[in-house]
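> Quick one, fold the following:
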Amino acid sequence: MFIDIDYNKKMKDYKIELSKPNKTIITNLSERIGAKLNVSLGSLGELTFQIPYKIENEYHEIIHNPNISLLKEKMYLRLTIGYQKMWFIVDNISDEAEDSDMMTVQAFSLPMELKNKKVSETTLTSVNAGMLMDELLVNSTWKKGIVDLELQETYRTLDFSDTTIYDALVEGAETFGAIIIWDEEAKTVNFRELSNVSKYKGMSVNSEKFLNSLKRSRDTDEMVTRLYVYGNERISIQNVNPSGLKYIEDFSYFLEPFTRDENKNVLTHSNYMSDELCHAILDNAELKEQVLPQINTLQSEISTLNSSLATRDIELNEIKLSLATAKGLLDIAKATGDTALITQRQQEILVLENSLSAKQVEIDGINSQISTKTNQMISLQDSVSITSFTQELLDELDVYIIEKDFFDDRYIDELELYNAGISKFAEMRNPKIVVEISIDSLLNVIEEQYYWDKIVLGDKINVKYPNMKIDYKST
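Numbering: from 1, shown residues only. A predicted model of the protein is given here:
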């Protein structure tokens, strides 16, 4: 990227202004000292700073700072940094008597307003993210903003008790896997997918730009190769997992860097496994690619048949109820001795008994289809199970089986739970790599002025350090 750099250009210094809650600016706190800003995506931001009790006026006289009496709890602050403006609510004021008397101000970002509003005990059944926000913000000055489509198509049940609107929104966002974007100017709450918020705009951090220090660590505490997945009331993924198992497994970390050609000649050996075990795992993976589409089709067909069976069972029970009622009416007719009515009731019973028999035949047929397809599916699942390995290979594989459980009682749908398990497993199947870096402020680097008004909280930057073969994108 080539841009003309204006070496005379400077970012404007940050500014903190005191405001009434209606956002009417009262004064500029130009005498503030040592401001610290702590913000993270989706959470409350925190701003702290000090102002002195005594200041020097334009005549170089030491006077009492008039802003001391103006600053009060629950007043609002507007922080301007370059091109960005943020609003805060003063939460805590403390005084320090030392060599120079100071007032310390602690403030939190504008969504703090929602911490003052309670949510009564309530249960929201089968709601999506937009419906949740409508319910929580109905009596608030904050309104629903953007809700990404993926979050509108996901439904959850949530229970709230003795909480605030802010905490309920945070809990809801976690439940739907959303990131909250607070628009403080429009006072809207936005539920977004991280992938829709976090953009890479070309900015890099390396030893020549920004990077002060770097530390990388690898942690295997959370590493897993076989993940058991459970949802609400311990539902499992067994019915929707193509393998038919309660767990997902993957041994690719220990397999690497094993490679082979089309004739199964070994090109690169694994760092961990024997060639025989690597061949067995890859053969099994190739077989799964051939068989899994058939298993998926059978699972879909079985699911459709089960839905049809549930409908037929309801219809069967309705016929049984009607038949019981008809028999009761026949007894009444017999008691009255009404011959014509007795004949009518007997004909009604005959029709219902025939319907009952026909419905039972229909149900037996569906059960037979389910049984046949289930047996076919189990046979295919057995054919791709690693239990088909020789005992020697199973013994070798055993040391690479690292088991853990994934519980998330937010999930009541097996397929959604399975997809969540796949996503979680992707995070855990390799050792966790943590890269800690400290960098210069972007606003202090004149050569990066192109990004001054473009990089925002949540964007991605590229972190590079060739000596350690580090090349990651960080949010």
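
> contacts and neighbour counts: CA atoms only from here.
Will do.

> At the geometric centre of this structure, which residue sits there?
The chain has residue 177 as the residue nearest its centroid, 2.0 Å off, counting by Cα atoms, centre = their mean.

> For that one, give me the pLDDT.
At residue 177, the model reports a pLDDT of 86.

> Next: residue 287.
87.

> quick one, what contacts it?
Contacts here follow Cα atoms under 8 Å, 6 or more residues apart in numbering; on that basis residue 287 touches residue 384.

> in what helix or strand does it lie?
For residue 287, the host element (DSSP states H and E) is helix 275-336.

> ok so, going back, double-check the residue nearest to the centre of the chain against residue 193; I have them as touching.
Yes. Using Cα atoms under 8 Å, residue 177 is in contact with residue 193, at 7.4 Å.

> So what does residue 36 look like in phi/psi?
When read as degrees, to the nearest 10, the backbone of residue 36 gives phi -130, psi 130.

> all strands of the stretch 351-475 of the chain, in order?
Using DSSP state E, counting those that start in this stretch, the strands of the stretch 351-475 of the chain run over residues 403-407, 432-439, 460-465, 470-474.

> Quick one: mean pLDDT over the helix or strand containing residue 124.
Using DSSP H and E, residue 124 maps to strand 122-127. Mean pLDDT, computed over strand 122-127, is 84.

> So which elements touch that strand?
Judged by 3 or more Cα pairs under 8 Å, 6 or more residues apart in numbering; DSSP states H and E, strand 122-127 is in contact with strand 156-160.

> Convert the strand it packs on to PDB, retaining C-alpha atoms only.
What follows is strand 156-160, C-alpha atoms only, in PDB (Å, rounded to 0.1, in the frame of the first residue of the first chain):
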ATOM      1  CA  ARG A 156     -32.900 -20.600  22.600                       C
ATOM      2  CA  THR A 157     -34.800 -20.700  25.900                       C
ATOM      3  CA  LEU A 158     -33.500 -18.300  28.600                       C
ATOM      4  CA  ASP A 159     -34.300 -17.900  32.300                       C
ATOM      5  CA  PHE A 160     -33.600 -14.600  34.000                       C
END
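
> ok, back up a step: pop out the phi and psi values for the residue nearest to the centre of the chain.
phi 70, psi 30.

> Quick one: residues contacting it.
Residue 177 neighbours (Cα under 8 Å, 6+ apart): residue 193.

> cutoff 10 Å now
129, 151, 171, 191-194 (Cα atoms under 10 Å, 6 or more residues apart in numbering).

> same question, residue 218
Residue 218 sits next to 430-435 when contact means Cα under 10 Å, 6+ apart.

> Quick check: the gap between the residue nearest to the centre of the chain and residue 169.
12 Å (Cα to Cα, to the nearest Å).

> Spit out the residues that contact the two alike.
129, 191.

> Let me see the ranges of the helices in this structure.
67-70, 129-136, 149-152, 165-176, 194-197, 252-255, 275-336, 339-383, 391-398, 414-428 (DSSP state H).

> coming back round to it: who touches both of residue 177 and residue 193?
Joint contacts of residue 177 and residue 193 (Cα under 10 Å, 6+ apart) are residue 151.

> Now for the contacts of residue 177: which two are most distant?
Spatial extent of the contacts of residue 177 (Cα to Cα) is set by the pair 171 and 194 at 16.2 Å.

> How far does stretch 19-34 stretch from one end to the other?
End-to-end for stretch 19-34, by Cα to Cα: 20 Å.

> wait, I meant stretch 396-406
Termini of stretch 396-406 sit 25 Å apart (Cα to Cα).

> Now do it, average pLDDT.
Averaging pLDDT along stretch 396-406 gives 93.

> And the contacts of it?
Here stretch 396-406 has contacts from 222-231, 247-251, 253-255, 272-274, 277-278, 281, 386, 389, 391, 420-421, 424-425, 428-429, using Cα under 10 Å, 6+ apart.

> Read off the pLDDT value for residue 346.
With respect to pLDDT, residue 346 has a value of 93.

> For it, the count of nearby residues, please.
16 (other Cα atoms under 10 Å).

> And the closest residue to it other than its chain neighbours, how close does it get to residue 323?
Distances taken as Cα to Cα, 6 or more residues apart in numbering put residue 330 closest to residue 346, at 6.9 Å, once the chain neighbours are dropped. Distance from residue 330 to residue 323, counting by Cα to Cα: 10 Å.

> where do the contact lists of those two overlap?
Common neighbours of residue 330 and residue 323 (Cα under 10 Å, 6+ apart) are 348-349.

> My read is that residue 168 contacts residue 180, right?
No. When contacts are counted by Cα atoms under 10 Å, residue 168 is not listed as touching residue 180 (12.0 Å).

> overlap in contacts of those two?
residue 174.

> got the residue ranges for the strands in the stretch 1-150 of the chain?
Under DSSP E, counting those that start in this stretch, the stretch 1-150 of the chain gives strands at 15-19, 25-28, 33-38, 46-52, 54-56, 62-64, 76-81, 84-96, 102-109, 118-119, 122-127, 143-147.

> So for the last one, mean pLDDT?
Across strand 143-147, pLDDT averages out at 93.
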